[in-house]
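Participant: next come a sequence and a model predicted from it.
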Amino acid sequence: MRKCYNWLFVAGAGVLVVVGILIFHYAILPIIVHKQVAETLQLNNGTDAWDRFVNLPVPLYFRVYIFNLINPDAVARGEKAIVKEVGPYVYKETREKFNLQLFDDNDTVRYEERTKFEFDAKLSHPLTEDDYIQPTNPTAPIVYSIVERLPEVSFLSELLDPGFKAMFGDRYGLTLNVTVRQLLFDGVEAKCPPNGTIVNRLVCSAIHNFPLVKVGRRLPNGDLSIAILRFKNETSGGVFEIYRGNHDFEKIGMITSINGAPTVDNWPGERCNLVSGTYAESLIKPFLTMDSKFSFYDDDACTASPMSGDSEETVEGIDCLKFTPASSFLSPVTDHPENYCYCPGSIGGLTQGTACLKKGVMDISPCQGT
Ligand SMILES: *[C@@H]1O[C@H](CO)[C@@H](O)[C@H](O)[C@H]1NC(C)=O
Ligand SMILES: *[C@@H]1O[C@H](CO)[C@@H](O)[C@H](O)[C@H]1NC(C)=O
Ligand SMILES: *[C@@H]1O[C@H](CO)[C@@H](O)[C@H](O)[C@H]1NC(C)=O
Ligand SMILES: *[C@@H]1O[C@H](CO)[C@@H](O)[C@H](O)[C@H]1NC(C)=O
Ligand SMILES: *[C@@H]1O[C@H](CO)[C@@H](O)[C@H](O)[C@H]1NC(C)=O
């Protein structure tokens, strides 16, 4: 009998230990881990987390693919274009925050960020920045899209062709023959002489003065230099304010405002412009699960996309959750009416009846410039 009691006691103690371990593992340990993680991630001047926040320690790589138009003469005769993709031309992207301001009362940090692009010769090999490419001339689409947005001058489109000829001289055609570096960063020059024809001056003036055109830059002699990515190099994407996670760790990294407002003004509709409550790429809240829902503000698209858990992966030995934009993002308005504010109006041949783009395509010119 006595022995039996002992066994019961041992078994009872065993159960207690197991329960204790379970409580520790499932209830107490997460709290300790949560607290430790929170303490290491909160954004406070002088901490490692702060240094990682100010200078993103891992480089990002921006891969550019260019479509060479290989049958410009046939296209000029009205035949279908044949394009050949070349690339990737790889640029290393480093991001640095500046103009940092900490607010303790409401637990936020305000900052600007500049991105620097540098050509990565090794990752681009055997391609080089000095390769000659024959893309379609970007000027004509830029000017046509300006004209498209200004219905009162649409009659001008008939007159534009001579304007381009005056700007590019002998080099004008459907394609350019320029180096990758010229097209992306150094600039392709276009003539804008004071004694040019009216149409020549009109095209130059449109590119100089239309606020959405970020790719053109006026040279000291009045001529124009057109480079597709130059405006993104070493420029600030705006003033961001986010939560630092000291008061409410659940909100760490969450954007409160961009340029002082809870919305941006790139799109014709409040929903597409809403940024407060979304996350910038510099800091996403931890402890996500596959079911977590959050939105991610992307500087290149100038809007926040809802994200959803995609898969579990292992990257360099670390277990990761992979999130991708939710399928509702870039879905046609017919399925997701809330996407109406991404509709660009009419784009010949590409748009559907509702004047919206097909699934997976987005016109980012309202934010990136034409
Ligand atoms: C962080 O601390 C350093 C050293 O005390 C100071 O120079 C710097 O201005 C502080 N940064 C911010 C954003 O307050
Ligand atoms: C935080 O405080 C600063 C300075 O008072 C203020 O400009 C900012 O709007 C505040 N942000 C929020 C989200 O309250
Ligand atoms: C970006 O700007 C920096 C500083 O002006 C310059 O050194 C760098 O070469 C530029 N990047 C490219 C790809 O032109
Ligand atoms: C492009 O220009 C370069 C340098 O002037 C020249 O060597 C090359 O043959 C040209 N390519 C084409 C396709 O016109
Ligand atoms: C405009 O002036 C430049 C130099 O001043 C001259 O070379 C050019 O031929 C002139 N063009 C026209 C269309 O008069």
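Facilitator: The structure has been received and is ready for your questions. Ligands and ions are numbered 1, 2, ... in the order given.
Participant: who's in contact with Phe240?
Facilitator: Each residue near Phe240 by CB atoms under 8 Å, 6 or more residues apart in numbering is listed here: 110-113, 255, 257-258, 280. Where you see a C-beta, it was placed from the backbone N, CA and C, and this is true even at glycine.
Participant: from those, pick the one nearest Ser295.
Facilitator: Ile255 (9.4 Å; CB to CB).
Participant: ok, that closest one - contacts?
Facilitator: With CB under 8 Å, 6+ apart, Ile255 has these contacts: 240-242, 275-280, 297.
Participant: so it lies in a strand, does it not?
Facilitator: Yes. Counting by DSSP: H, G, I helix; E, B strand; the rest coil, one finds Ile255 located in a strand.
Participant: numbering from 36 from now on, please.
Facilitator: OK, 36 is where the count begins now, so the last one is Ile290.
Participant: pLDDT wise, what is it at?
Facilitator: Per-residue confidence (pLDDT) for Ile290: 95.
Participant: swap in Pro303?
Facilitator: 80.
Participant: name the SS class of it, please.
Facilitator: Relying on three-state DSSP, one would call Pro303 coil.
Participant: quick check, it in contact with Asn374.
Facilitator: No. Pro303 is beyond contact range of Asn374, at 12.0 Å (criterion: CB atoms under 8 Å).
Participant: which one's more surrounded, the two?
Facilitator: Between Pro303 and Asn374, Asn374 has the larger neighbour count (other CB atoms under 10 Å), namely 21 against 14.
Participant: who's the closest spatial neighbour of Val110, skipping the chain neighbours?
Facilitator: In space, and not counting its chain neighbours, Val110 is closest to Ala116: 5.0 Å by CB to CB, 6 or more residues apart in numbering.
Participant: contact partners for the one you found?
Facilitator: 104, 106, 110 are the contacts of Ala116 under CB under 8 Å, 6+ apart.
Participant: just the ones of the residues you listed in strands?
Facilitator: Leu104 (DSSP state E).
Participant: so which of the contacts of Ala116 is the most crowded?
Facilitator: In the contacts of Ala116, the most neighbours by other CB under 10 Å go to Leu104, 20 neighbours.
Participant: how near is that one to Glu316?
Facilitator: 34 Å (CB to CB, to the nearest Å).
Participant: about what we covered before: ok, of the contacts of Ile290, which come out buried?
Facilitator: 275-277, 310, 313-315, 332 (16 or more other CB atoms under 10 Å).
Participant: hmm, which of the contacts of Ile290 is lowest in pLDDT?
Facilitator: Ala315 (86).
Participant: I'd like to know which elements the longest strand seen in the chain is packed against.
Facilitator: When the chain is parsed with DSSP E, its longest strand is strand 118-138. Packing contacts for strand 118-138, counted by 3 or more CB pairs under 8 Å, 6 or more residues apart in numbering; DSSP states H and E, involve helix 83-89, strand 95-104, strand 143-154, helix 156-159.
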